[in-house]
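Asks: Dropping the sequence and predicted coords here.
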Amino acid sequence: MADAKIKPFRFMESAVLLLATGIRAQTLRELYAGLKQVDDSSIYFHFWGRMVRPHISESEFNNDFASWINSSLRDFKLAEALGAINPVKFQNFDDIRNVILDILDKRLENDDFLSWKKADRDFHFIACKKLVFDTGTEAASLEEFPDAVRNCSRESFFYHFIDGRRRSPECKDDFTLWLEQFPEESASLRKRLKNVDSYLFSLSELKAQVLSIIDDWKAGKGGMM
């Protein structure tokens, strides 16, 4: 009989509604100015949007700013510096914005050709609004949890594992927060989930990692460190 005190895990899905800002950049200086104008949702989209939108072409960089600078301004060194930013390491969007501005500011101090040249294509700042839907699916026990995660959609996995960390003051994903209801049984699982970097991989790669960890734990291997 299920413990009445255990709250089932309810699976949600999120969709990202794109909003045009009307702000665009042709040069590094314009990109710098645009970054100071746009709201937090634009920073969010240009870092995390790649995970939830279809890819027309692959990029070696994880955020849109670095990709644009590399492909349209041909400044690989600057693109590398921006591409090295891992947004999950920062407390809020202002901190992310400031580190980008600092990197651009140092580059603009050179005042050379690349600091004012026009890009091959404009950078369009996109803002977004997140819509959340109830899928109607839930896991009522630890036994049901593994298959429920395996069968959840990409949008649901993104919402709970990746976006969940951003929403949590403790930077914990929704799965981990729910598993805390089972402190002893899930201790090793929660520890391993905490160590998964939720930004440096594609959404499919992240889900595969999480499922592998859950499968190990389910098979009784989770406590072997």
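Replies: In hand now; what should we look at?
Asks: check contacts around the residue nearest the centre of the chain.
Replies: Nearest to the mean C-alpha position of the chain, counting by C-alpha atoms, centre = their mean, stands W48 at 4.2 Å. Taking C-beta atoms under 8 Å, 6 or more residues apart in numbering, we find W48 in contact with P87, I162, D163, Y199. Heads up, the C-betas are built off the backbone N, CA and C, glycines and all.
Asks: of those residues, closest to L17?
Replies: Using C-beta to C-beta, D163 comes nearest to L17 of the contacts of W48, at 14.5 Å.
Asks: hang on, that closest one is in a helix, isn't it?
Replies: Yes: assessed by DSSP: H, G, I helix; E, B strand; the rest coil, D163 belongs to a helix.
Asks: Could you tell me the phi and psi values at the nearest residue to it once chain neighbours are set aside?
Replies: Closest residue to D163 apart from its sequence neighbours, by C-beta to C-beta, 6 or more residues apart in numbering: S14 at 6.5 Å. Here is the backbone geometry of S14 (degrees, to the nearest 10): phi -120, psi 150.
Asks: Now the contacts of W48 in TSV, please, with extra columns for neighbour count, distance to E60 and pLDDT.
Replies: As requested, those are exported to TSV (neighbours: other C-beta atoms under 10 Å; distance: C-beta to C-beta, whole Å; pLDDT from 0 to 100):
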residue	neighbour count	distance to E60	pLDDT
P87	20	17	94
I162	21	20	95
D163	23	24	94
Y199	17	15	91
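Asks: returning to that earlier point: tell me how far the residue nearest to the centre of the chain lies from C152.
Replies: Distance, W48 to C152, by C-beta to C-beta, to the nearest Å: 18 Å.
Asks: where does the protein have its least confident helix or strand?
Replies: For the chain, counting by mean pLDDT, DSSP states H and E, helix 113-116 ranks last in confidence among helices and strands (a mean of 78).
Asks: Could you pull out the buried residues of that helix?
Replies: L114, S115 (16 or more other C-beta atoms under 10 Å).
Asks: And for stretch 140-156?
Replies: Using 16+ other C-beta under 10 Å as the test for burial, stretch 140-156 gives L142, F145, P146, A148, V149, C152, E155, S156.
Asks: got it, and stretch 131-142?
Replies: Using 16+ other C-beta under 10 Å as the test for burial, stretch 131-142 gives T137, A139, L142.
Asks: before we move on, what about stretch 200-215?
Replies: Buried residues in stretch 200-215, counted by 16+ other C-beta under 10 Å: L203, L206, K207, Q209, V210, I213, I214.
Asks: related to what we said a few turns ago, out of the buried residues of stretch 140-156, the closest to P183 would be?
Replies: Using C-beta to C-beta, the shortest approach to P183 within those belongs to L142, at 11.8 Å.
Asks: May I ask you to confirm that that closest one is in contact with S186?
Replies: Yes: in this structure, L142 is within contact of S186 by C-beta atoms under 8 Å, at 7.0 Å.
Asks: need the buried residues of stretch 200-215 in JSON lines with distance to V132, can you?
Replies: Formatted as JSON lines, those follow (distance: C-beta to C-beta, whole Å):
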{"residue": "L203", "distance to V132": "17"}
{"residue": "L206", "distance to V132": "20"}
{"residue": "K207", "distance to V132": "19"}
{"residue": "Q209", "distance to V132": "24"}
{"residue": "V210", "distance to V132": "20"}
{"residue": "I213", "distance to V132": "25"}
{"residue": "I214", "distance to V132": "24"}
